[in-house]
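# Below are the sequence and a predicted model; questions follow.
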Amino acid sequence: NAGVTQTPKFRVLKTGQSMTLLCAQDMNHEYMYWYRQDPGMGLRLIHYSVGEGTTAKGEVPDGYNVSRLKKQNFLLGLESAAPSQTSVYFCASSLRGDYEQYFGPGTRLTVT
Amino acid sequence: SQQGEEDPQALSIQEGENATMNCSYKTSINNLQWYRQNSGRGLVHLILIRSNEREKHSGRLRVTLDTSKKSSSLLITASRAADTASYFCATDRASYDKVIFGPGTSLSVIP
């Protein structure tokens, strides 16, 4: 039972490059979330999903896209990376939106 | 805009002392949650308190909720160096889809 896993753990991109972050959970949770964490800002919700095949925008969705083709996976894509997207990205899942969330270990992304 | 705001932003105490952190929010909620984040790690859930509850305990943690004042407090008793972490409150704005995290309180427990 691995919980929530994220791939990769670290990544350095050049401005304009693209990449996909993968989140996987093995708890059969319906809800999945992508957050970014910047110093002094807490966690800000980028996109979330309330079930397989669904996605919705959070507080800071611009510059990101997501897909939830399988219940256990939630992908976060950056089509054209910008230095402002340098951050630590966390994925989380929960049984229901107002229940406790289980977090992955994070992906540290640097865009130069 | 952030729903929850923790206070203080940073707190430094000696081992064995109690630590109190507060969270204020703006709109009605179903539940309020507290999370801990150790440096470089993901968040870990501590306690969930429902809007019809006033107090909840878990080991050395005590959470109170005052819906009339739209505020909550997290008390850690007999603190240990291992309690050094950032603590976040999360509120749902009466939505069943997502929660909003506050900016957090950074707690340092000095041995």
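Looks like it came in fine.
# use CA for all of it now, contacts and neighbours both
Will do.
# The helix or strand of chain B with the lowest mean pLDDT: what's the following helix or strand?
Lowest by mean pLDDT, DSSP states H and E among the helices and strands of chain B is strand B:4-7, with a mean of 81. Tracing the chain past strand B:4-7, the next element assigned as helix or strand by DSSP states H and E is strand B:10-14.
# For that next one, list every residue counted as buried.
Within strand B:10-14, the residues that count as buried by 16 or more other Cα atoms under 10 Å in any protein chain shown are B:11, B:13.
# In terms of secondary structure, what does that strand contact?
The contact analysis (3 or more Cα pairs under 8 Å, 6 or more residues apart in numbering or on different chains; DSSP states H and E) places strand B:10-14 against strand B:105-110.
# all strands for chain A, in order.
Here chain A has its strands, by DSSP state E, at A:4-7, A:10-13, A:19-25, A:31-38, A:42-49, A:56-57, A:64-67, A:73-78, A:87-94, A:102-103, A:107-111.
# Report how many residues lie close to residue 91.
Just going to use chain A. As a burial measure, residue A:91 scores 30 neighbours (other Cα atoms under 10 Å in any protein chain shown).
# meant chain B actually
Close neighbours of residue B:91, defined as other Cα under 10 Å, add up to 28.
# Tell me if I'm right that it and residue B:34 touch.
No - Residue B:91 is beyond contact range of residue B:34, at 9.1 Å (criterion: Cα atoms under 8 Å).
# which stretches of chain B aren't confidently modelled?
Low-confidence segments of chain B (pLDDT under 70): B:1-3, B:94.
# Up against chain B, what does chain A have?
A:31, A:40-45, A:50, A:90, A:96-106 (Cα under 8 Å from any Cα of the partner chain).
# Please produce a PyMOL select command covering the buried subset of those residues.
To isolate the buried members of these in PyMOL, using 16+ other Cα under 10 Å:
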select buried, chain A and resi 31+42+43+44+45+50+90+96+97+98+99+100+101+102+103+104+105+106
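# With the flanking residues excluded, which residue is spatially nearest to residue B:81?
Nearest in space to residue B:81, with sequence neighbours left out and distances taken as Cα to Cα, 6 or more residues apart in numbering or on different chains, is residue B:109 at 4.9 Å.
# Then residue B:84?
residue B:108 (4.7 Å).
# center of chain A - which residue?
The residue lying closest to the centre of chain A (Cα atoms, centre = their mean) is residue A:34, at 2.9 Å.
# now that residue: how far from residue A:7?
13 Å (Cα to Cα, to the nearest Å).
# Same check on residue A:63?
19 Å.
# next one: residue B:33
Distance of residue B:33 to residue A:7, given as Cα to Cα: 27 Å.
# about what we covered before: what comes into contact with the least confident helix or strand of chain B?
B:21-26, B:88-91, B:100-105 (Cα atoms under 8 Å, 6 or more residues apart in numbering or on different chains).
# Please consider this matter closed, and thank you.
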